[in-house]
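Trainee: the following comprises the amino acid sequence and a computationally predicted model.
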Amino acid sequence: MEDMFSSLSTYGYIGLFLYSLGGGFVGILAAGVLSYAGKMDISSSIAIAFVANFIGDMLLFYMSRYQKSDIMTYLHKHRRKLALSHVLMKKYGSWVIFIQKYVYGIKTLIPLAIGLTKYDLKRFTLLNFFASAIWAVVVGYGSYISGKSLMSAYEAVADKPYLAPVILLSFGGLIWWYMASTTKKRA
């Protein structure tokens with residue numbers, strides 16, 4: 001386990017940046033726990049996750065705004081989820097930019113959906129900036145503060161390795177069920 005911590009603290013900031021481009025929830029969570037353990041710096045981790053998350057969402061917005069035909073070929077299978085994103089935008093307005101940072105399954109679709117509309121670029125940039133900052137601080141410091149209990153949970157799962165797949169499959173199944181039931185075609 002010590003080798004893993006050594007390697008994570010060496011390449012952790014690069015991995016955190018790359019992982020945060022596409023979401024990064026688990027990355028900033030791990031960085032917070034590693035910061036609690038003294039292997040990383042929490043302020044640097046939060047700053048890196050914030051910048052990468054902001055850039056990632058801006059890239060998604062730009063791609064869907066200026067490369068619509070190319071993006072739509074990739075989104076063909078996710079039309080219903082894209083429609084859900086539009087419904088969420090209509091229902092919650094600009095708040096959906098803040099909410100999407102915490103909801104797995106729509107994290108990448110919301111910036112794509114917003115880019116496909118005529119939503120103002122300056123407004124999206126400003127809201128995305130603040131949403132990314134709040135997300136990085138809340139999740140980063142939250143995992144830093146909860147570091148002891150998260151490490152204890154990790155050790156409990158490490159002692160009983162059969163629990164990890166059960167927990168992951170349950171969590172993944174719950175997300176899949178929610179997305180399938182929310183985007184299900186109504187009769």
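Mentor: On my side now, so go ahead.

Trainee: what's the following helix or strand after the helix or strand of the chain with the lowest mean pLDDT?
Mentor: For the chain, using mean pLDDT, DSSP states H and E, the weakest element among its helices and strands is helix 2-21, scoring a mean of 74. Toward the C-terminus, helix 2-21 is succeeded by helix 25-36 as the next helix or strand (DSSP states H and E).

Trainee: got the angle between the following helix or strand past that following helix and helix 25-36?
Mentor: In the C-terminal direction, the helix or strand that comes right after helix 25-36 (DSSP H and E) is helix 42-66. Comparing the axes of helix 42-66 and helix 25-36 via axes from the mean of the first three to the mean of the last three Cα atoms, to 10 degrees yields an angle of 170 degrees.

Trainee: what's in contact with the helix or strand just after helix 42-66?
Mentor: On the C-terminal side of helix 42-66, the closest following helix or strand by DSSP H and E is helix 68-75. Contacts of helix 68-75 with the rest of the structure, by Cβ atoms under 8 Å, 6 or more residues apart in numbering, involve 63-64, 82, 112, 115-116. (C-beta placed from N, C-alpha, C; glycine too.)

Trainee: if you set the cut-off to 7 Å instead, what comes out?
Mentor: 63-64, 82, 112, 116 (Cβ atoms under 7 Å, 6 or more residues apart in numbering).

Trainee: list just the nearest of these to Gly173.
Mentor: Leu82 (22.5 Å; Cβ to Cβ).

Trainee: assign that closest one to helix, strand or coil.
Mentor: State at Leu82, reduced to three classes by DSSP: H, G, I helix; E, B strand; the rest coil: helix.

Trainee: contacting residues around it?
Mentor: Leu82 sits next to 75, 109, 113 when contact means Cβ under 7 Å, 6+ apart.

Trainee: how about the last one: what's its closest non-neighbour residue?
Mentor: Closest residue to Ala113 apart from its sequence neighbours, by Cβ to Cβ, 6 or more residues apart in numbering: Ser85 at 3.7 Å.

Trainee: wait, the one you found sits on Gly115?
Mentor: No. Here Ser85 does not reach Gly115: they are 10.7 Å apart, not a contact under Cβ atoms under 7 Å.

Trainee: identify the residue nearest the geometric centre of this protein.
Mentor: Using Cα atoms, centre = their mean, the residue of the chain that lies closest to the mean C-alpha position is Gly23, 2.9 Å off.
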